[in-house]
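> Structure for this input, please:
(6 chains, ligands or ions: 3)
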Amino acid sequence: MKLIIAFIKPFKLEQVRDSLKIAGVSGMSVNDISGFGRQGGQTEVYRGAEYEVEFVPKVRLEVIVTDELAGPTVAAIETAAHTGEIGDGKIVVVPVEDVVRIRTGERGADAI
Amino acid sequence: MKLIIAFIKPFKLEQVRDSLKIAGVSGMSVNDISGFGRQGGQTEVYRGAEYEVEFVPKVRLEVIVTDELAGPTVAAIETAAHTGEIGDGKIVVVPVEDVVRIRTGERGADAI
Amino acid sequence: MKLIIAFIKPFKLEQVRDSLKIAGVSGMSVNDISGFGRQGGQTEVYRGAEYEVEFVPKVRLEVIVTDELAGPTVAAIETAAHTGEIGDGKIVVVPVEDVVRIRTGERGADAI
Amino acid sequence: MDTGDAAWVLTSSALVLFMTPGLALFYGGMDRTRNVLNMLMMNFWCLLVIPILWVVVGYSLAQSGDGALLGNLDMAFLRGLGITGEDGGSGLLTVAFLGMFAVITPALISGAVADRMKFSAWAIFAPAWLLLVFVPVFKWVYGGWIGDRGALDFAGGTAIHVNAGIAALAAVLVLGRRRGWPSQGHPPHSMPLVMMGTGILWFGWFGFNAGSALAANGQAIQAFMNTFLAAAAAGLSWGFVEKFRDGHFTNLGVASGIVAGLVAITPGAGFVAGMSPIWIGLATGIICCYAVGLKNRAGYDDALDVVGVHFVGGLVGSLAIGLFADPAFFGGEFMAGSFYGGGLDLLGAQALGNAATIVYSFAVTALIMLALKATIGVRVSDDVENSGLDLAEHAEAAYSTGSASLAGH
Amino acid sequence: MDTGDAAWVLTSSALVLFMTPGLALFYGGMDRTRNVLNMLMMNFWCLLVIPILWVVVGYSLAQSGDGALLGNLDMAFLRGLGITGEDGGSGLLTVAFLGMFAVITPALISGAVADRMKFSAWAIFAPAWLLLVFVPVFKWVYGGWIGDRGALDFAGGTAIHVNAGIAALAAVLVLGRRRGWPSQGHPPHSMPLVMMGTGILWFGWFGFNAGSALAANGQAIQAFMNTFLAAAAAGLSWGFVEKFRDGHFTNLGVASGIVAGLVAITPGAGFVAGMSPIWIGLATGIICCYAVGLKNRAGYDDALDVVGVHFVGGLVGSLAIGLFADPAFFGGEFMAGSFYGGGLDLLGAQALGNAATIVYSFAVTALIMLALKATIGVRVSDDVENSGLDLAEHAEAAYSTGSASLAGH
Amino acid sequence: MDTGDAAWVLTSSALVLFMTPGLALFYGGMDRTRNVLNMLMMNFWCLLVIPILWVVVGYSLAQSGDGALLGNLDMAFLRGLGITGEDGGSGLLTVAFLGMFAVITPALISGAVADRMKFSAWAIFAPAWLLLVFVPVFKWVYGGWIGDRGALDFAGGTAIHVNAGIAALAAVLVLGRRRGWPSQGHPPHSMPLVMMGTGILWFGWFGFNAGSALAANGQAIQAFMNTFLAAAAAGLSWGFVEKFRDGHFTNLGVASGIVAGLVAITPGAGFVAGMSPIWIGLATGIICCYAVGLKNRAGYDDALDVVGVHFVGGLVGSLAIGLFADPAFFGGEFMAGSFYGGGLDLLGAQALGNAATIVYSFAVTALIMLALKATIGVRVSDDVENSGLDLAEHAEAAYSTGSASLAGH
Ligand SMILES: Nc1ncnc2c1ncn2[C@@H]1O[C@H](COP(=O)(O)OP(=O)(O)O)[C@@H](O)[C@H]1O
Ligand SMILES: Nc1ncnc2c1ncn2[C@@H]1O[C@H](COP(=O)(O)OP(=O)(O)O)[C@@H](O)[C@H]1O
Ligand SMILES: Nc1ncnc2c1ncn2[C@@H]1O[C@H](COP(=O)(O)OP(=O)(O)O)[C@@H](O)[C@H]1O
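Ligands and ions are numbered 1, 2, ... in the order given. Below is the predicted model of the structure:
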């Protein structure tokens, strides 16, 4: 099993969620983060003082998937989150040793 | 060492924290997330328009533990976060290569 | 490749970011978390009732790096986030199987 | 009607209307994120249903006629309240002004029942309580047997704060404690909302108290000054009790003290003068700061301290009139307080009035709550209490700020 | 000028000024986090540019002289408006009071165009609309051909709410829909802000309506009472429609109903009495609650329901005068409504006045928007719409609360 | 006392009271999340301690008697201020009204010392500053040697804004810079709070300025109009300077400009007329927008720009009277400004009054701060500054919204 983590542009979240559903992903966990990268920050100006806010708002997704679904999941995110412009974000694939569904106590692929 | 990530129901956080303390876990990191899964979303209604908010509030826990403590930690979360109803959440076990305590520079199991 | 996760004191974020830039890290993802550990909580008092808030505010960093950069990255965080007082936080190194840059479709080290 | 008096009472009426949203924010800020909207709605509900109830029958039952116990229906549906007659509309204006008080009094109770009461039960409770408790007590105090005995209540210490405060106690005793209380606490979700609510309440309370002179006269001016001083003094003394007892001078303590001081000066605002409001305020801040701790010892779960602030504060203030009332200053015909040569007569009258109010309000409120409990039920399910009332009762969320949480349909 | 009247109109003017920040919060709370400041600024912009425009030429064109269609420039630059003359400054005070109305009227439109309009286009639209639409319609209604036909508009139902509401429709038709509308929704980012805005609006509306008597007299008192009752009734009925239709009694529904009720009672506040405001309010809450659904069927993207609330509410209230106007109560010389023995004449006059306003306002607003579209453009780029207007248009973020987001230079 | 005048001054007093919570929100919104409550408390502290100080000795020292430098204690403890005498309570009402000014003046300074001052030091500073600086300067300006020379200050430009603004400079020079300043910045944690504070301030300022006529007369009306126009004009010009210099029309710029305009029109509100408030406002917005940049060049850390807005705005407005004062319009006996045929006499008197205030206030404020520094200390520890003052100084957190952060005992 894999834990797939993705950092994407916030307004792409809905599209990504829909693609993941189509790809057969049954769940995900999402939160807002501040991203730093090539995209560079935003300049905010308060009372004439410029603030180089180097962090930009991004959304972080975590999806646990079986090994078979890992490829399609990455592909689904990649396609749906793509705009072609700098700052589209990254996908990371991390190995997972075990998964547990708290409700039933199921383990491994059954728990996903 | 393992990194144990759990997605649980928010109101269970205190119980989980207490169980983890009893299990011998010395630290954890927690944040609010939006979860998507079998539980399905909530319907909010604003001026007659229904919003199918597919994400529900969950809490995300991260606990770094030694290999020995991994089993008890998972068990402690499983028991404390369990309600038996859909949406109880998942626990994921991820392998860890190294841990550092910033204050002392200790590495590995000592750092936890 | 490695995913390096660090939990640090909030006011150290800027220093850590600057050190990471110097170390050659090109991106990172950051969010606020609540940390529980040896540091112990804060006591807040509302209308005479003491609340032992056991969680303290921390910042969580995620940095994806190539294997070569893993050491320097850990070192950079360690130095910049260090105050020597309890609660300085932890750094965790997690193995990564693959990384994708959404914009270009690059994989692996090129994607970072 | 004199235009200056009309201008002031119109202004005061608007100020008192503004207090109910202010109270909603004050309470809502103290509440948890997931129950904020339920708290706001309990207050706004009073703003919707009570104005209509008030003009239809409430005011008439509360003020019309000579009954010692209850008014009659002569003024129901605003009958006879015109603007072209001799009074130039002053009767009508009084209905509007007092209507604002009718709105906020049951709203006060909402802070006690927070986090666990079914909204449908509250929806019935608020108007029922208005008719069965507020209206008769109001009549007794203003134009009924309590007032006849010489008891004083300038802007509603007995009729409003003691009344609503003791009702809050009865309500929570029937309702029961929140799950996890008192071992689990939860800090205010937004202190800036609490402080803003406090500011609005103080601002509006000038209308509440100084408007109760029903004229822009000297009594209004002194009531204004008293409102200014007592709030400050009580905020100060509450803050210092916390500083010395708990270690810090807190915003919530100061806010609570200010509100307690406003409550306490309400009954005497038009009867005391000089440094009296400062003494009343200082005493109230200290007493109420300790009084809010009572619930933990006595075991009733008064979520946002309506009993400790409104009941205790109102009672302290009402009894204080027995000490501080100064008819000479006002050129008024009321009894003097003990410190102003008046013996214990006024204090006795105050005690009697409050005692009667306490007994009646407690009993009838408990009956209303028991009736609701036996019929539609008063508590939300444990599930709803765990996950929050906003979503379950109102299908809304107070905040949807993150991108993640925004991802709707 | 009588001091009591002056006191009340001064107070009312301050209250109406306060409504525009209140409206900004009401709209801003409903908006998404990333567009909040743009929404606030569209409202504050009106607070900056219109006061000056109003005293320089606006008031004079809207009120000076005997023209049936437009005023003249005799009072431009406040010419002739002194305080030592016979009127003691009452003319000047009227300019200030009405200036507050001039500020808020275009601000109302901002809710419709939310989330996608270029700020530069809004910056020109607001003053242009004031001069080309608000000013002439204001003149027609107050001292022009519409008023001459006996049509009534106490505090601005036709001149303000119908006018701004239909302009909102024209504006969004030219502007086009938001990306993703209507399939994608987004809940209010902060309901407490919405409820606070509602409280401020209701509070300020007492100045809006009761202040429009321009005196602290009986008519002001009745207007005050009407404002109290109609808002409550409309909040109640809107809430119940949602309860029975959608399943819950919501805060946003109640807030919307209160505002709709305030809108609807505005034109008749000084002409109806008794239980009429309750009937008007109840009807408005129901009608407007259904009216906001129209946009989905008709396909125009009126983001925050300016058409459904202000246009429909204003129209309902204005036509209701034709039924409920009660000159006997006021001792006034205006036509009676059908329910008060007046036949259909007044209703006809009301219909005519509103029809003319609708046609004129819609057409000229559309022309202004089309002219802007053809020149500087009215819409932000897709990119800006996706990432939010606050940063792109104002280089600011509404909230910077986390440590992460705070990490500036 | 005339009822209309009483109504207006009562209303104005309530409005000015409301300004201090408004200021707290204005400042608090600009601050960082971890220091919000400390900022609110510095303001609320003034609301607690100063009312009492004011009636006990402050007012008497500031207004009683004929001294050119200081009042006497004849009116201490409100001695002699009744409501049954000839003045009908107008003396008492004036004490209350001016008490609101006494509260907000030291509160203004809190914005400068944000994020690093020990609360205990502030708790002593505020009342000490009131007695040692505010009271004497107030006496000089209103009934002392500055006023005797013909210098004008309608509602407190010299006595309040220049006074508090220069004191802020002295205070931060003793206090020192925040850690990391100026290289590290932090954007406002909540712009909606800032804008709401701005709305409340503008609303309340009508009481501040128009109430200072102490009557509902023509001068109050003109002061009202001036307050309306100057705020708008200054918000507009500040916004445009930012637009052309920095690229965007920002909410914070507009809010700052509005407040600067309100400050600047304060001294002349009852002495200038016609288009003058617009010119004063436009000039102030431009000058203050540049003035807030001074601190970076000069190296003093005035956190929320009290010097740039209140000192500079107050000074500009006070000197502007020397140009724009128009006694003919008011039928008043004061000197005319240069543009109204008055030569340079008034300008000279204004300059002298402000110069004396600046020297005295700066010196005595510095001495108070130095005395505090030498005794209890004025700065929190570096640790507290890093982790935030709310928790360390008040044991509270401004927001506890997440489940994670809510996990209490
Ligand atoms: N090395 C990294 N480690 C963790 N997160 C990263 C890293 N690089 C980029 N990110 C995340 O991806 C986002 C986009 O990266 P950026 O370099 O701006 O553009 P792109 O993805 O187009 O190369 C960043 O805002 C950050 O959240
Ligand atoms: N595949 C997944 N990847 C990541 N998080 C998941 C996944 N499936 C579920 N979750 C998380 O667990 C929560 C509960 O899952 P859900 O499917 O609703 O119920 P259950 O855990 O009872 O099967 C979700 O809200 C989400 O936060
Ligand atoms: N076992 C753990 N798992 C996950 N996070 C931890 C763990 N232990 C500590 N942390 C994180 O590190 C922070 C600091 O830890 P703490 O024990 O207080 O001090 P120190 O790092 O000096 O030992 C915690 O607040 C928490 O966020």
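> In chain A, what residue lies closest to ligand 2?
With Cβ to the nearest ligand atom, the shortest gap between chain A and ligand 2 falls at A:Gly27, namely 2.1 Å. Using the backbone N, CA and C atoms, a C-beta is placed for each residue, glycine as well.
> give me every residue that touches that residue.
Listed by Cβ atoms under 8 Å, 6 or more residues apart in numbering or on different chains, the contact partners of A:Gly27 are A:63-64, A:112, B:35-38, B:90.
> State the distance from it to chain C.
20 Å (Cβ to the nearest Cβ, to the nearest Å).
> picking that back up, just give me the closest of the contacts of A:Gly27 to D:Gly165.
B:Gly35 (41.9 Å; Cβ to Cβ).
> burial measure for D:Gly343, as a count.
12 (other Cβ atoms under 10 Å in any protein chain shown).
> again with D:Ala298
With other Cβ under 10 Å as criterion, D:Ala298 counts 10.
> Local confidence estimate at it?
pLDDT recorded at D:Ala298 is 95.
> repeat for D:Ser403
The confidence metric pLDDT takes the value 68 at D:Ser403.
> quick one on the thing from earlier: closest one of the contacts of A:Gly27 to E:Gly348?
B:Phe36 (57.6 Å).
> quick one: that closest one and A:Asp18 touch, right?
No - B:Phe36 lies out of contact with A:Asp18 (Cβ atoms under 8 Å); the separation is 11.1 Å.
> Neighbour count: those two, which is higher?
B:Phe36 (25 against 13).
> can you pull up the bridge partners for the more buried one?
Beta-bridge partners recorded for B:Phe36 (DSSP bridges): A:Met28.
> which residues touch it?
Here B:Phe36 is in contact with A:17, A:27-30, B:54-56 (Cβ under 8 Å, 6+ apart).
> 6 Å instead, please
A:27-28, B:54-55 (Cβ atoms under 6 Å, 6 or more residues apart in numbering or on different chains).
> D:Ile109 too?
D:164, D:167-168.
> ok, of those, which come out buried?
Burial by neighbour count, 16 or more other Cβ atoms under 10 Å in any protein chain shown: within the contacts of D:Ile109 this picks out D:164, D:167-168.
> Let me know the closest of those to E:Ser64.
Using Cβ to Cβ, the buried ones among the contacts of D:Ile109 come closest to E:Ser64 at D:Ala164, 52.7 Å.
> The closest one: what secondary structure?
Per DSSP: H, G, I helix; E, B strand; the rest coil, the local secondary structure of D:Ala164 is helix.
> Which residue is the nearest non-sequential neighbour of it?
Distance criterion Cβ to Cβ, 6 or more residues apart in numbering or on different chains; nearest residue to D:Ala164, sequence neighbours excluded, is D:Leu108 at 4.1 Å.
> ok, the one you found to D:Trp140 distance?
Note on D:Leu108: its distance to D:Trp140, by Cβ to Cβ, to the nearest Å, is 19 Å.
> ok, back up a step: of the contacts of A:Gly27, which are in range of ligand 2?
A:63-64, A:112, B:35-38, B:90 (Cβ under 6 Å from any ligand atom).
> Just the buried residues from these, in PyMOL please.
Buried residues among the ones next to ligand 2 among the contacts of A:Gly27 (16+ other Cβ under 10 Å), as a PyMOL selection:
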select buried, (chain A and resi 63+64+112) or (chain B and resi 35+36+37+90)
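> Serialize the ones next to ligand 2 among the contacts of A:Gly27 to JSON lines and add fields for pLDDT.
Putting the ones next to ligand 2 among the contacts of A:Gly27 into JSON lines (pLDDT from 0 to 100) gives the following:
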{"residue": "A:Val63", "pLDDT": "97"}
{"residue": "A:Ile64", "pLDDT": "97"}
{"residue": "A:Ile112", "pLDDT": "87"}
{"residue": "B:Gly35", "pLDDT": "92"}
{"residue": "B:Phe36", "pLDDT": "91"}
{"residue": "B:Gly37", "pLDDT": "90"}
{"residue": "B:Arg38", "pLDDT": "87"}
{"residue": "B:Lys90", "pLDDT": "96"}
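> What about A:Gly84, how many residues nearby?
Counted by other Cβ under 10 Å, the residues lying close to A:Gly84 total 8.
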